[in-house]
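Asker: Structure for the following, please:
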Amino acid sequence: MFQNILEIVKIPVTTMIEKSKQEDIKKGAIKALIMSVILALLNVLTQFVSIIKSVSKKSYYYDDYTSSQIWEKRMDKLKDAELFSGFFKQIVIYIIIIAVIAGILLIITKLLKNQKKYEEMLSLVNNTFLLYTIGTILRVIISLIYQPLGMLVMFAIVVYTILTLINAFRDILEDVESDSLVLVSTGVMVAVLVIAVILLMVVYDVSFKDIGTAMELLDYFK
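Answerer: Down below sits the predicted model:
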């Protein structure tokens, strides 16, 4: 297990392409679930630590509080944060994100007339999230020591994972022209964004007029 993780960190693109040819849909689903659980747990732990640190005698707002009052305030904030229910919601959200990204990549391959399967795209996304998960664990640990350094590590993780996915996806398509890949990918991404905005508008009952008003306000503050 550790050797596999080390390989994907050292040679991410090559390892991801190799694994995409080995992993079936069952392995992909299990890996997506495991990483979703880990990422959700990390988010909950981060929220927990943040609440504990924000409510302390070192804070300006709570310097006059007694220890019992501080813990009472912490418990109130933890209750309001709904960490337990949020944990399961985040698992579902991460699973959906992984599945959707894999679906988008599959649509791009089909438009480029490339015969790749969904499980291959799922494997690419899963292993990208594996890199992100490893990096997030590292970021959480470093942030406990020095938060600004943790933010820098997080930036490096995001850049590393995005570049890895882009290059692995391009290489796995083999004979597809880069120009066609850029054009089709751009078209699909724009279409996905439009669909996502429309869905959000329907769910939250937002009209095009409301969006226009919001854009005008943004222009006003520039």
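
Asker: any low-confidence regions in the chain?
Answerer: For the chain, the stretches with pLDDT under 70 are 1-5, 204-222.

Asker: Can you tell me the SS state at residue 175?
Answerer: coil (DSSP: H, G, I helix; E, B strand; the rest coil).

Asker: neighbours of it, just the number please.
Answerer: When neighbours are defined as other Cβ atoms under 10 Å, residue 175 has 6 of them. For every residue, glycine as well, the C-beta is placed using N, CA and C.

Asker: Would you mind listing the residues in contact with the residue nearest to residue 12 when sequence neighbours are not counted?
Answerer: Distance criterion Cβ to Cβ, 6 or more residues apart in numbering; nearest residue to residue 12, sequence neighbours excluded, is residue 164 at 4.3 Å. Residue 164 makes contact with 12, 13, 16, 128, 131, according to Cβ atoms under 8 Å, 6 or more residues apart in numbering.

Asker: if I read this right, the last one contacts residue 161, doesn't it?
Answerer: Read it as residue 131. Yes. Counting by Cβ atoms under 8 Å, residue 131 does reach residue 161; the two are 4.9 Å apart.

Asker: Would you mind listing the buried residues in the helix or strand containing residue 182?
Answerer: Applying DSSP states H and E as the criterion places residue 182 in helix 178-203. The neighbour-count check on helix 178-203 (16 or more other Cβ atoms under 10 Å) flags 181, 184, 185 as buried.

Asker: now, which of these sits nearest residue 59?
Answerer: Set against residue 59, the nearest of the buried residues of helix 178-203 by Cβ to Cβ is residue 185 (46.6 Å).

Asker: What's the separation between that closest one and residue 159?
Answerer: Distance of residue 185 to residue 159, given as Cβ to Cβ, to the nearest Å: 18 Å.

Asker: What of residue 95?
Answerer: 24 Å.

Asker: if you count what's nearby, which of those two comes out ahead?
Answerer: Between residue 95 and residue 159, counting by other Cβ under 10 Å, residue 95 is the more crowded of the two (17 against 10).

Asker: Relative to residue 116, how far out is the more buried one?
Answerer: Taking Cβ to Cβ, one finds residue 95 at 21 Å from residue 116.

Asker: follow-up on the earlier one: export the contacts of residue 164 as a markdown table, with columns for distance to residue 29.
Answerer: Listed next are those as a markdown table, based on distance: Cβ to Cβ, whole Å:
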| residue | distance to residue 29 |
| --- | --- |
| 12 | 22 |
| 13 | 23 |
| 16 | 17 |
| 128 | 16 |
| 131 | 19 |
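
Asker: which of those residues has the most neighbours?
Answerer: Of the contacts of residue 164, with other Cβ under 10 Å as the count, residue 16 tops at 26 neighbours.

Asker: tell me which element that residue falls in.
Answerer: Under the assignment here (DSSP H and E), residue 16 is part of helix 12-20.

Asker: Could you list every helix and strand that that helix packs against?
Answerer: Counting contacts by 3 or more Cβ pairs under 8 Å, 6 or more residues apart in numbering; DSSP states H and E, helix 12-20 packs against helix 2-10, helix 118-145, helix 147-172.
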